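**Student:** what shape does this take:
(chains A and B)
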Amino acid sequence: MQAELKRVEQKVKSHWFKDGLGEVIGGLMFLLMGTYFALVEFLGAASLLGGLLQAGFIVVFLGLFYFGRQMISGLKTRHVVPRAGFVEYRVDREPQTGKHIGAAVFAAVIAAFVVFSIRIPGILNWLVVLTGLLVALMLLFAQLRAGGIPRFYFLSTLSLILGVAGGLTGLPDGYALGLYYASMGIVFTATGLLVWQRFLRENPNPAGPADEK
Amino acid sequence: MKNKIQGLADLDRVIHEPARLMLAMILSTVESADFLFLQRETGLTKGNLSVHLGKLEKAEYVKIEKKFKGKYPLTICRLTPSGRRALSSYRSRMDKALGKRRGA
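**Tutor:** Numbering: from 1, shown residues only, chains lettered A, B, ... in the order given. Sure thing, here's the model as predicted:
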């Protein structure tokens, strides 16, 4: 029965990814990130605007993350809830040491990224590889945790390949990162739209409110 | 002293019914879910789902509330603490009984 409960739990968790909206919005955010990195490179850190953009990396990153979440939530409320229902996920109340360590490592990597990219321009190409690896790991983690989203294996592998390829291009630092983010953004958006289309086909909008009782 | 298999006779019949067990299992993995979500996950008809949710609510295993998400009216269901305890106790009884049979 424990195994069956685990299966039910995974199925419910994978519900969030069934509509592809997370990938569409995530893809658009990646495209914006790509534009940001390319723009910083194009303007140069020495210029006022370039310097300001580089210094505001965390603000841009968090801003896009917040904006993306709001957009996903809004779109799900409007288009997914009437078709597939609403579910509020359970907040884990168990000890979260592993997650905290993971979050701390992730924050340290982001901080190192900012420091190194400002101080040691040559290292940035390695950070394209690292970024590809991190995104690949996050996708893999999402698939393992939720299950039922095999396309994440493909996206995870692609992220790794694009990260390594980006690191080997020999392009200026910002352009290499920009290229990685833009490529992943296009792929995320494309796969997300395909999933979204299938979701709409399989879940036609009901004529009226679906709830009873 | 009772045999473990005899513990099956004391199973909670509110939870034991397959449709209600499905509902309890789904609700135990989430904070809350609405009627449509439960209907899609269980494959029950609206009428059936309504009846089974009513029985779970009567046993105070499920709390049902009407809410709005944006413009949409939702019937939100959540497992109560006593519902979680009942499911947990049901699971341990079943695991004990089935475990004994497997080992036999």
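
**Student:** next, count neighbours for residue B:48.
**Tutor:** Neighbourhood size, residue B:48 [other CB atoms under 10 Å in any protein chain shown]: 13. C-beta here means a position set from N, CA and C on the backbone, and glycine is covered the same way.

**Student:** and the residue of chain A found nearest chain B, how close does it get to residue A:41?
**Tutor:** Of all residues in chain A, residue A:85 sits closest to chain B, with a separation of 2.8 Å (CB to the nearest CB). Residue A:85 sits at a distance of 45 Å from residue A:41 (criterion: CB to CB, to the nearest Å).

**Student:** re earlier: work out for me the element the closest residue to the residue of chain A closest to chain B other than its chain neighbours sits within.
**Tutor:** Setting aside the residues directly before and after it, residue A:85 is nearest to residue B:37 in space (CB to CB, 6 or more residues apart in numbering or on different chains), at 2.8 Å. Here residue B:37, judged by DSSP states H and E, is contained in helix B:35-42.

**Student:** now for that helix, which elements pack on it?
**Tutor:** Here helix B:35-42 touches helix A:81-84, helix B:18-28, helix B:46-58, strand B:72-79, going by 3 or more CB pairs under 8 Å, 6 or more residues apart in numbering or on different chains; DSSP states H and E.

**Student:** any chance of those in a markdown table, with mean pLDDT too?
**Tutor:** Compiled in a markdown table, the helices and strands packed on helix B:35-42 are given as follows (pLDDT from 0 to 100):
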| stretch | mean pLDDT |
| --- | --- |
| helix A:81-84 | 88 |
| helix B:18-28 | 92 |
| helix B:46-58 | 94 |
| strand B:72-79 | 91 |
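
**Student:** can you say which of the ones you listed is nearest to residue A:21?
**Tutor:** Of all the helices and strands packed on helix B:35-42, helix A:81-84 sits nearest to residue A:21, with 11.3 Å by CB to CB.

**Student:** after that closest one, next one along is what?
**Tutor:** Note on helix A:81-84: by DSSP H and E, the next helix or strand toward the C-terminus is strand A:87-89.

**Student:** pLDDT of that following strand, averaged?
**Tutor:** Confidence over strand A:87-89, taken as the mean pLDDT, stands at 87.

**Student:** quick one: that strand to chain centroid distance?
**Tutor:** Between the mean C-alpha point of strand A:87-89 and the mean C-alpha point of its chain there is a distance of 20 Å (CA atoms, centre = their mean, to the nearest Å).

**Student:** ok, is that strand in contact with chain B or not?
**Tutor:** Yes: using CB under 8 Å from any CB of the partner chain, we find that strand A:87-89 touches chain B at A:87-89.

**Student:** and which of those residues is nearest residue A:173?
**Tutor:** Sorting the residues of strand A:87-89 next to chain B by distance to residue A:173 puts residue A:89 at the head of the list, at 38.3 Å, by CB to CB.

**Student:** in chain A, which residue is closest to the centre?
**Tutor:** For chain A, residue A:26 is the residue whose C-alpha lies nearest the centre (CA atoms, centre = their mean; 4.9 Å).
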